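> Task: produce atomic coordinates for the following.
(4 chains)
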Protein chains: 2
Amino acid sequence: MKVISCNGCPLRRLPLFTPQSAEELQFIEALKQDQLTFRADSVIIGEGRTDAPLYTLLQGWGYRFKTLSDGRRQILNFLLPGDFIGVQQNMGDAITHGVNALTDATVCVFRRDALWELHRYAPRLGFSVTWLSAHEESIVDDTLLSVGRRSAEERIATLLIVLYKRAAALSDDPPAEGVPFPLTQQHIADGLGLSLVHTNKTLRKLEARGLHHIANGRLQLRDAKALGRLADLYGDGRPAQRPLI
Amino acid sequence: MKVISCNGCPLRRLPLFTPQSAEELQFIEALKQDQLTFRADSVIIGEGRTDAPLYTLLQGWGYRFKTLSDGRRQILNFLLPGDFIGVQQNMGDAITHGVNALTDATVCVFRRDALWELHRYAPRLGFSVTWLSAHEESIVDDTLLSVGRRSAEERIATLLIVLYKRAAALSDDPPAEGVPFPLTQQHIADGLGLSLVHTNKTLRKLEARGLHHIANGRLQLRDAKALGRLADLYGDGRPAQRPLI
DNA sequence: CGACGTGTTGATCTCTCTCAATTAGAGTGG
DNA sequence: CCACTCTAATTGAGAGAGATCAACACGTCG
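Residues are numbered from 1 along each chain as shown, chains lettered A, B, ... in the order given. This is a model prediction of the structure:
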């Protein structure tokens, strides 16, 4: 993929990034060092790294995860274009989670001190990063609610709705035959604290009831209302809303 | 409790807040509006509020939580002195979780635009907030790993260690007869995605094995090594480490 | 003294896990 | 074009960790 300028960056379309000034854009451009592409299933940031660079996901999907020493794995959240990668760890703390690519994924690489530079010289953008960081936490909060208190059916319904909305928000055209959905059942299981087998059985049950359909890497919600009843979400599941400041 | 000046604020002792300059302190002081005290078990921020102020927990414990419409509750994380309350929501997003006091709790109240002011005029402190926000997320990450992939015994061992360390880091004297531990078993259950009954049985089992002891609102770790083996934490459970910048 | 919150314990019940096999599709090499 | 392999999905059977139901104990408080 050709290296694109920050001017055409897909992140700019996100509502969080209120219209940037020319100076701000130029500033970001100066902090951007490189652009890298990772293969599907490859490691973007290894668990335990301390010197991880700061990335921004430009294209493709990924996920953050933690593992126990015996191999049990929990996916913390899924990363879609526009998400930051490694903010926590770029602040001097040891990283305690890994980041893998789910599909082929292109990232922008920023200077290690980019976060500080941003705060120092473009506080409005620094503020945006804080906002985005807080928003990512709220996604993890939602997942924790699911994993802690929802049944398997409810968890899966919730995940399907949330990912559907996030994916749909990124495409320009209305999602006629569904949205891209690159997760395997193992990813779903690891994201929801379920076993692979039970995930499969639950998915089949929901699909048999006509609630959704997954095929060829695409997800369709066939009965969004029923899924919504299962999920019992109030305001969650919609993409970030408000502009800043 | 007497209103204290930011100069004597307990937060200053936290390693995250590298020595502040006199100007920075003065700046914070100007943003501080008030000081409030909440009763144990009272609501600090109601679920769904949109105009919540920005607080900082000065004294006492609290917790963030989410509930499903049928009443199932998940505690997202526990708040100890030095924690922020409502950062996410003070950034223009609707709040989707509640905050309750666990003990009597005193908070500092800041102007609603304090976060922006901080970023704008004291970028170093703004950066600290971003760091703190990211760090809070990493605590939720750890809990999600527990709830998703650890057994009941392992979850409880993990929680005890983590809270012990956080509480110990806040007291000056070495914790001879344990650290303050104001949680009821219901709080533990809601924080770990377990039922009350099973939480009780598991706690009793661990206590019978001599791993810990809870009495009179205090927690002692009697066999930290055994608890650590159960918890299987690597770097987690210790308080925030590195200074900034 | 009765009511209430918290903790404790026993007896079921069930959701989800684990184990085990099988199927289907993609890629590879002969 | 056909074996061979590997990964992902699927399905059945049995086992188990944890949930639910039901009592009871204990201390505090009005």
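> Can you name the residues that contact the spatially most central residue of chain A?
By Cα atoms, centre = their mean, chain A has its centre lying nearest to A:L79, at 2.2 Å. In this structure, A:L79 makes contact with A:L57, A:W61, A:G62, A:Y63, A:R64, A:I85, A:V99, A:L102, judged by Cβ atoms under 8 Å, 6 or more residues apart in numbering or on different chains. (Each C-beta comes from the backbone N, C-alpha and C, glycine too.)
> For burial, what's the neighbour tally of the third one?
When you say that, I think you mean A:G62. Residues near A:G62, counting by other Cβ atoms under 10 Å in any protein chain shown, number 27.
> Go through the contacts of A:L79 and flag which are in strands.
A:L57, A:G62, A:Y63, A:R64, A:I85, A:V99 (DSSP state E).
> need the contact list for the fifth one.
If a contact means Cβ under 8 Å, 6+ apart, then A:I85 has A:I44, A:I45, A:L54, A:Y55, A:T56, A:L57, A:G62, A:R64, A:L79, A:V99, A:V107 as its contacts.
> The same query, at a cut-off of 10 Å, please.
Contact analysis of A:I85 by Cβ atoms under 10 Å, 6 or more residues apart in numbering or on different chains lists A:44-45, A:52-57, A:62, A:64, A:79, A:99, A:105, A:107-109.
> A:K66 too?
With contacts defined as Cβ under 10 Å, 6+ apart, A:K66 is in contact with A:47, A:72-76, A:96-98, B:138, B:141-142, B:144-146, B:148-149, B:234, B:236.
> Direction included, what does the helix or strand harbouring it pair against?
Using DSSP states H and E, A:K66 maps to strand A:62-67. Note on strand A:62-67: by DSSP bridges, its sheet partners are strand A:73-79 (antiparallel), strand A:98-101 (antiparallel).
> Does the shortest one reach DNA strand D?
No - applying Cβ under 7 Å from any atom of the strand, one finds strand A:98-101 separated from DNA strand D by no less than 12.0 Å.
> what's the neighbour count on A:R166?
Neighbours of A:R166 (other Cβ under 10 Å): 21.
> Quick check: A:A30 vs A:N7, distance?
From A:A30 across to A:N7, the span is 13 Å (Cβ to Cβ, to the nearest Å).
> what about the nearest residue to A:Q20 once chain neighbours are set aside, which SS state?
Of all residues not flanking A:Q20 in the chain, A:R12 sits nearest, at 6.8 Å (Cβ to Cβ, 6 or more residues apart in numbering or on different chains). Using DSSP: H, G, I helix; E, B strand; the rest coil, the secondary structure recorded for A:R12 is helix.
> cool, A:N7 as well?
Per three-state DSSP, A:N7 ends up helix.
> hang on, isn't it packed against A:E24?
No - in this structure A:N7 lies outside contact range of A:E24 using Cβ atoms under 10 Å: 11.2 Å.
> Can you verify my assumption that A:K201 contacts A:A152?
Yes - between A:K201 and A:A152 there is a contact at 8.5 Å, judged by Cβ under 10 Å.
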